[in-house]
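# could you work out the structure for the sequence below:
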Amino acid sequence: MDFVDPPVRLFMGNDKYENEDLIKWGWEEDVWFHVDKVSSAHVYLRLNPGQTIDDIPMAVIEDAAQLCKANSIQGNKMNNVDVVYTQWSNLRKTPGMDVGQVGFHSEKEVRKIRLEKRINEIVNRLNKTKVESHPNFRQEREERDRQERNLAKKELKEKQQKEKEELERRKKEQELRNYTSLFSSASMKTNKDAADEDSDDFM
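Model (predicted):
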């Protein structure tokens, strides 16, 4: 969507099998939307790096919710429907669930928005930006994970290099302090030493 800055990406499964892939291969940055208590499309919002669910503008939440409602056979006909949304990481899938069905790890992490009615202006605007594609969700997720691992390795290497440099710096400082201390001890004289050097010897 180009009307927000930076632009955001919304995507939606075409059927329950594509929804299943989205559930399985979602990203940590994804926020999941669904009409509450009735069947609907699964809509995902991919956050930009550094964003959290609290950073989503209300206009974007409303757009994603309207898209869910418009793509729900029952929900599209109803007024005053709730759309729930939560981080992808909060979705819970168990072996006994049907294809495309999902639960939550924590109900406290699930948020809700009430839609009084369908707003055609929003739905039409979103449909104009719609691009139909069939990406390989697994491949995209694995590529993203690979990039994350490479970034983590790079950051670890940089951290280890900084720690090594800091250790070397401290070592040199310690050696310098030891040398200075040794030099000062060798050149220092007591009052007695000075007096002995200045006195004459008599038989």
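
# and whichever strand or helix holds residue 181, what's its mean pLDDT?
Secondary structure from DSSP states H and E places residue 181 in helix 137-187. For helix 137-187, mean pLDDT rounds to 78.

# for that helix, packing partners?
Contact analysis of helix 137-187 by 3 or more CB pairs under 8 Å, 6 or more residues apart in numbering; DSSP states H and E lists helix 16-25 as its packing neighbours. Yep, even glycine has a C-beta here, placed from its N, CA and C like the rest.

# first-to-last residue distance for stretch 91-110?
This stretch, stretch 91-110, spans 10 Å end to end (CA to CA, to the nearest Å).

# list the buried residues for that stretch?
Neighbour-count burial for stretch 91-110, counted by 16 or more other CB atoms under 10 Å, picks out 91, 100, 102, 110.

# OK, contacts around the closest residue to the last one other than its chain neighbours?
Meaning residue 110. Closest residue to residue 110 apart from its sequence neighbours, by CB to CB, 6 or more residues apart in numbering: residue 86 at 4.6 Å. Going by CB atoms under 8 Å, 6 or more residues apart in numbering, residue 86 touches 31, 32, 53, 104, 109, 110, 111.

# if we go to 7 Å?
Residues near residue 86 by CB atoms under 7 Å, 6 or more residues apart in numbering: 32, 104, 109, 110, 111.
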